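*Asks:* how would this look folded up:
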Amino acid sequence: MSTRGARTLALAAVALALVAAACSDGAGESYVNIRDRAELEVYDNEHTTSVQIHLPVGETADYTVIPPYGEEHSPIPLACGIYSATPTFEMVVHAMEHGAVVLWYAPTELSDDGLASLTEIASNHLNDNDYVIQAPYGALGSPIMLVAWGVRLPLATAEARAIEQFFDEFHDDAPEPLAAGGCSTAG
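*Replies:* Numbers count the residues shown, from 1 in each chain. Have a look, this model is predicted:
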């Protein structure tokens, strides 16, 4: 191999190492930016506009996707917190309309360690006065489903980096501002 070829090969190896380091979490695991993940579902349609319908109290919606990412909902938002029972979607959607991020999990599909990790993440956000809801729902199709206004991301595990990126990207990215009181923290 010529000196020029060896130098080109060495530069290519360095460039590859830099790219790998840039896409690493520091422990050698690679990641993809949250918006570039193939599994990310983005809904930009009539169900995510700023004009959403509040249903009469107690009325249920016929959502196009479960768990919902938007659409008509209760006039009463669900308080943020960690729930052990599945709350009504209509109240959850109203909280999302005010910027809440929902961490749904399938109790029979998520390990105890996975649930503990997810709960730790949710608790940290609640301690920071962030608007987050964690709740079980058995028919997710994946162990975890992250949902915010107009977006959903299924996860096989409690990937802390993906959850934090999702939260950073989509928290408070909704038609109504957090200041409008949509998701007070249950206390």
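*Asks:* the strands in this structure, which residues?
*Replies:* Applying DSSP state E to the chain gives strands spanning 41-42, 81-82, 101-105, 132-136, 144-148, 151-155.
*Asks:* so which of the ones you listed is the most packed in?
*Replies:* With neighbours defined as mean count of other Cβ atoms under 10 Å, the strands of the chain peak in mean count at strand 101-105, which reaches a mean of 26. For the C-beta atoms, the positions are set from N, CA and C on the backbone; glycine is no exception.
*Asks:* the helices in this protein, which residues?
*Replies:* Taking DSSP state H as the criterion, the chain carries its helices at 3-22, 89-97, 112-127, 160-170.
*Asks:* got the confidence number for residue 155?
*Replies:* Here the pLDDT value assigned to residue 155 is 97.
*Asks:* spatially central, which residue of the protein would that be?
*Replies:* In the chain, the C-alpha nearest the mean C-alpha coordinate belongs to residue 146, at 3.1 Å (Cα atoms, centre = their mean).
*Asks:* returning to what we had before: could you dump the strands of the chain into TSV with distance to residue 33 added?
*Replies:* Shown next, in TSV, are those (distance: least, Cβ to Cβ, whole Å):
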stretch	distance to residue 33
strand 41-42	14
strand 81-82	28
strand 101-105	17
strand 132-136	21
strand 144-148	15
strand 151-155	12
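*Asks:* so which of the ones you listed is nearest residue 123?
*Replies:* Across those, residue 123 has its closest neighbour in strand 81-82 (6.9 Å, Cβ to Cβ).
*Asks:* per-domain residue ranges of this protein.
*Replies:* Here the domain parsing of the chain from automatic domain parsing is 1-30, 32-180.
*Asks:* least confident of these, on average?
*Replies:* domain 1-30 (a mean of 46).
*Asks:* contacting residues around the residue nearest to residue 133 when sequence neighbours are not counted?
*Replies:* Take residue 133 and drop its neighbours on the chain: the residue closest to it by Cβ to Cβ, 6 or more residues apart in numbering is residue 102, 4.7 Å away. Each residue near residue 102 by Cβ atoms under 8 Å, 6 or more residues apart in numbering is listed here: 67, 92, 95-96, 132-135, 146-148.
*Asks:* just the closest of those residues to residue 75, please.
*Replies:* residue 95 (12.1 Å).
*Asks:* just checking, that closest one touches residue 74?
*Replies:* No. Applying Cβ atoms under 8 Å as the test, residue 95 and residue 74 come out as separate, 9.5 Å apart.
*Asks:* more neighbours, these two?
*Replies:* residue 95 (28 against 22; other Cβ atoms under 10 Å).
*Asks:* distance of the more buried one from residue 118?
*Replies:* 18 Å (Cβ to Cβ, to the nearest Å).
*Asks:* mind listing the residues bridging to the residue nearest to the centre of the chain?
*Replies:* Applying DSSP bridges to residue 146 gives these bridge partners: residue 103, residue 153.
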